[in-house]
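**Student:** predicted structure and sequence below. I'll ask about it afterward.
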Amino acid sequence: MVNVTIDHKTVQVPEGTTILKAAAAVGIEIPTLCFLKDLNEIGACRICCVEIEGKETLAASCNTKVEEGMVVYTSSLKAHYARRMNLQIILSQHDFRCAACQRNGTCSLQKICADMNINDVPFHQDYEKNEWDMSFPLIRDAGKCIKCMRCVQICDKVQSLNVWDIVNTGKRTSVGVSNMKKIAESDCSICGQCITHCPTGALRERDDVRRVLDAVHDPDKIVVVQIAPAVRAAWGEGLGMPQELATEKRMAAAARALGADYVFDTNFSADLTIMEEAGELIEHLTHREEYSWPMFTSCCPGWVRFIKSQYPDMVKQLSTAKSPQQMFGAVAKTYFATKVLAEDPEKIFCVSIMPCTAKKAECALPAMDDAGTGRDVDVVLTTREFDRMLRSELISPASLPEEEFDSPLGTASGAGVIFGATGGVMEAALRTAYYVLKRENPKPDLFRIVRGLDGIKEASLEIAGIPIKAAVVHGLGNTRKLMEKIQSGEAEYDFVEVMACPGGCVGGGGQPITEGREMAQERGEKLYALDKNNPLRFSHENPSVIALYDQYLGSPLSHMAHELLHTDHFWSRLN
C-alpha cells in the first residue's frame, strides 16, 4: 500500500494505482477526454494533468502511478491554467458549431469546457476537413476529431478489426481509415462501438430521421414501426426519463405520437426467428453428416459482416434464418398487408427502431427484398435517432399514457425479449428445441447457464438423448479468439451464438451514450426481468406466431417460410 496526499486529503491505495484512480477514491474527479480504462491510458489530451509537489512539469494523472509520500494538487493555479490552455488549443482545431452537432448536450468536450468556464478561444481556428461517403451508415467528421485515439483502441483491442489508424505525422497527425482505404472498402462491421466511445461528434450514425418524417406525412404511406427488444432497456436514458416511466408500453405510445400508423414489437419476429432457427438446428443435429459444424446464429448483421470478411470459408455454417428485423419486414409487406389490412403492399413503409448501426446496412442488402416491393425494411433508426426525433417533434413521452403494441404482430414471449442480451438467442432457441424434441416445455430458466457477461461461455447439455455442445460469445475480439480455436480444432461446438457488440444488442452502437459507463449489464437485467414477468416464456407458444404459420407460412422451414424468412449469405464478400 502507498500513502499519498491529494488536494490535502490523505489516501492509501495499492502500489501501481494511478493518480486518477487514487483521486477518485477520495471523491476527487479529475476531468479526462482521451481516457478509457484499460484501453486508452496514453495521456494524449493532457486534460487530466496535475501538479506534483517537488516536480517542475505537470503529469498526466491517467497514466502516472502514485509513489509513497507523493503530494498532488489536481487544480492548482499551474494545473488549472494548463488545463484551460490545453482545452483552448483543442478547440482551435475543432469545429465547435455545437448547436448543429448530434452530440450537443452529450459531448464530453463540451461539458468539460463548460465546467472550466471556457468562453473564448484566443487561437486561430484551423480544423481538418475530410471527404466521406455520406451514404455509409457510419459517418466520420474530421473537423470534430480531437485525436484522442479512443476509436483506434476500441476497434483494435475490443473488436479486433483495426479499421482506424493514425495517419500523417507532426502537425498533420490525424485519424483515418487504415491503409488509406475508403470506409466502404474496409472490413468495418459497422458495429458502432467507435461511435459510442467517441467523446465528441467526430463519429456518428447516418441520420435517417427526415426519411421517416416524410413518410409519416405522406397520405399514401402506411407507416409500420417495429421496435427491437434492446431499445426498451435504454430509450429513456437519452431523454432523461427514470426507469419506472420509460416502459415498453410508453415507448409504443411515443412511436404512435410520432405519427406511426401501427407499432409492433420486434420480439414477435424474434419468436419467429426462434421457430426457424431452432428447426434448422434440429435438422442439423439429426442429420449431422450432411452439415459442417458448428452452426452459427445469423441475427447480428455486424457479426455476419465480420465472418464474411475475416472467415469467408465458414460463411456456409451461418444459419440461413434472417434477423428478426428482416423477418418482420417481409411479413409486414406480405401477410400483414394482404391478409390483415387488405392493402397494397406497396403502401407499407416499414421503419425499424434498433439499438444497432449495422442494421442500417442490413436493410439495404439486395437479398432483403423478398416481399417483392423493394426493401422489406425501408428505414432503420437507432435508439439515439428515436430519442432525437421525439425531442424534435416536441413530444414528452413521460406525460403519455401507456399503450399496447398493435396486433397481430405485436404479441411476444419472454424468449423474444432476451434476444437483446448476450446469450438470449441461445437460451430462447434451446427452450424451443427442447420442446420440439421432447414434446414438453423445459423449466423456463433451465438454460440460464448461457447468461452473463463472460466473453466466451460454454454449455454442454443433452436433450432427448442428443448431446449439444454450445458456445456464446459477444464482442468481435472475443469472437476472433473463438473462431481461431474452432479452426485449429482446439474447440468443437454444435451451436454458437455470436453478437458483435459487448454485452449484446443492449450494448449496441446505436444506443444512448453514457460517458465513462458501460451499460450493457444494467440493460440486460431489465430484459431478463421482462422475460421473467411475461406469462409467455416460449416462442412456440406465441399465439400470433402460431396463427401466422396456420394462416400463411404453413410450418417452420416450409417452402413459404424459406421464401420469406431465410436468405442467401453468399451474394457478396461483405454486404
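**Tutor:** Arrived safely.
**Student:** tell me where the stretch 351-500 of the chain has helices.
**Tutor:** Ranges of helices in the stretch 351-500 of the chain, per DSSP state H, counting those that start in this stretch, are 358-362, 383-392, 414-417, 424-438, 476-488.
**Student:** to P122, which of the ones you listed lies closest?
**Tutor:** For those, proximity to P122 was assessed by C-beta to C-beta; helix 383-392 is nearest, at 33.4 Å. Placement of C-beta: from N, CA and C, glycine included.
**Student:** same for that closest one, what does it pack against?
**Tutor:** helix 209-216, helix 248-257, strand 348-354 (3 or more C-beta pairs under 8 Å, 6 or more residues apart in numbering; DSSP states H and E).
**Student:** residues in contact with the shortest one?
**Tutor:** Outside of strand 348-354, the residues that reach it under the criterion C-beta atoms under 8 Å, 6 or more residues apart in numbering are 212, 215, 218, 221-228, 231, 255, 260, 266, 325, 328-329, 332-333, 336-337, 359, 363, 373, 375-383, 385-386, 508, 510.
**Student:** can you list the strands that that strand pairs with?
**Tutor:** strand 222-227 (parallel), strand 379-382 (parallel) (DSSP bridges).
**Student:** how far off centre is the shortest one?
**Tutor:** In terms of C-alpha atoms, centre = their mean, to the nearest Å, the centre of strand 379-382 is found 13 Å from the chain centre.
**Student:** contacts for that strand?
**Tutor:** Outside strand 379-382, the residues that touch it by C-beta under 8 Å, 6+ apart are 192, 205, 208-209, 211-212, 215, 325, 349-357, 359-360, 362-363, 389, 509-511.
**Student:** which among the residues you listed count as buried?
**Tutor:** Buried members of the contacts of strand 379-382, scored by 16 or more other C-beta atoms under 10 Å, are 192, 205, 208-209, 212, 215, 325, 349-357, 359-360, 362-363, 389, 509-511.
**Student:** which one of the strands paired with strand 348-354 lies nearest to A529?
**Tutor:** strand 222-227 (17.7 Å).
**Student:** so that closest one versus helix 383-392, what angle?
**Tutor:** Per axes from the mean of the first three to the mean of the last three C-alpha atoms, to 10 degrees, the angle that strand 222-227 makes with helix 383-392 is 120 degrees.
**Student:** also compute the angle for strand 222-227 relative to helix 248-257, please.
**Tutor:** Orientation check (the same axes, to 10 degrees): strand 222-227 against helix 248-257 gives 150 degrees.
**Student:** now do strand 222-227: distance to the chain's middle.
**Tutor:** 21 Å.
**Student:** try stretch 199-206
**Tutor:** 14 Å.
**Student:** mind listing what's buried in the longest helix seen in the chain?
**Tutor:** In the chain, ranked by residue count with DSSP state H as the criterion, the top helix is helix 266-286. Buried positions in helix 266-286, judged by neighbour count with 16+ other C-beta under 10 Å: 266-282, 284-285.
**Student:** same check, this time on stretch 294-309
**Tutor:** 294-308.
**Student:** and the next helix or strand past the longest helix of the chain?
**Tutor:** strand 295-296 (DSSP states H and E).
**Student:** how about residues contacting that following strand?
**Tutor:** With C-beta under 8 Å, 6+ apart, strand 295-296 has contacts from 280-281, 284, 303, 307, 314, 317-319, 494-498.
**Student:** let's have those in TSV, adding pLDDT and distance to L476.
**Tutor:** TSV is the format used below for those (pLDDT from 0 to 100; distance: C-beta to C-beta, whole Å):
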residue	pLDDT	distance to L476
E280	94	24
L281	94	23
H284	93	24
W303	98	7
I307	97	10
M314	96	14
Q317	96	17
L318	96	15
S319	96	18
D494	96	22
F495	97	19
V496	97	14
E497	97	14
V498	98	9
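**Student:** just those: which are in strands?
**Tutor:** F495, V496, E497, V498 (DSSP state E).
**Student:** got a winner among those for most neighbours?
**Tutor:** Taking other C-beta atoms under 10 Å as the neighbour criterion, V498 ranks highest of the ones in strands among the contacts of strand 295-296 with 29 neighbours.
**Student:** from memory that residue sits against T297, does it?
**Tutor:** Yes. Using C-beta atoms under 8 Å, V498 is in contact with T297, at 6.1 Å.
**Student:** which neighbours do these two share?
**Tutor:** Common neighbours of V498 and T297, using C-beta under 8 Å, 6+ apart, are W303.
**Student:** any quick ChimeraX command for the buried ones out of the contacts of strand 348-354?
**Tutor:** Buried members of the contacts of strand 348-354, defined by 16+ other C-beta under 10 Å, are picked up in ChimeraX with:
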select :212,215,221,222,223,224,225,226,227,228,231,255,260,266,325,328,329,332,333,336,337,359,363,373,375,376,377,378,379,380,381,382,383,385,386,508,510
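**Student:** from A79, how far off is T57?
**Tutor:** As judged by C-beta to C-beta, to the nearest Å, T57 and A79 stand 11 Å apart.
**Student:** so where is the stretch 201-350 of the chain shaky, pLDDT-wise?
**Tutor:** Under the criterion pLDDT under 70, no range of the stretch 201-350 of the chain is flagged.
**Student:** just list the residues touching the closest residue to V152 other than its chain neighbours, thanks.
**Tutor:** Nearest residue to V152 in three dimensions, chain neighbours excluded: W164, at 4.6 Å (C-beta to C-beta, 6 or more residues apart in numbering). Taking C-beta under 8 Å, 6+ apart, we find W164 in contact with C151, V152, C155, D156, V175, G176, V177, S178, C194.
**Student:** remind me which helix or strand the first one belongs to.
**Tutor:** Secondary structure assignment for C151, by DSSP H and E: helix 150-153.
**Student:** the helix or strand that that helix is followed by pairs with which strands, parallel or anti?
**Tutor:** Downstream of helix 150-153, the first helix or strand assigned by DSSP H and E is strand 164-167. Strand pairing for strand 164-167, using DSSP bridges, gives strand 174-177 (antiparallel).
**Student:** the partner strand: what's the following helix or strand?
**Tutor:** Using DSSP H and E, the first helix or strand after strand 174-177 is helix 193-196.
**Student:** and the contacts of the helix or strand just after that following helix?
**Tutor:** Per DSSP H and E, the first helix or strand lying C-terminal to helix 193-196 is strand 203-205. With contact meaning C-beta under 8 Å, 6+ apart, strand 203-205 is reached by 102-103, 137-141, 151, 192, 194-195, 357, 360, 382, 384-385, 509-510.
**Student:** okay, now the sheet partners of strand 203-205, with direction.
**Tutor:** strand 138-140 (antiparallel).
**Student:** now what about the strand it pairs with, what contacts it?
**Tutor:** Strand 138-140 is contacted from outside by 130, 132, 183, 188, 190, 192, 194-195, 202-206, 357, using C-beta under 8 Å, 6+ apart.
**Student:** ranking those residues by neighbours, who comes first?
**Tutor:** In terms of neighbours by other C-beta under 10 Å, the contacts of strand 138-140 top out with T357 at 31 neighbours.
**Student:** hmm, it is touching C194, no?
**Tutor:** No. Counting by C-beta under 8 Å, C194 is not a contact partner of T357; they are 9.7 Å apart.
**Student:** give me the common contacts of the two.
**Tutor:** L138, G509.
**Student:** how many neighbours does I449 have?
**Tutor:** As a burial measure, I449 scores 18 neighbours (other C-beta under 10 Å).
**Student:** just confirm it contacts A459, I think it does.
**Tutor:** Yes. With contacts counted by C-beta under 8 Å, I449 reaches A459, the gap being 5.0 Å.
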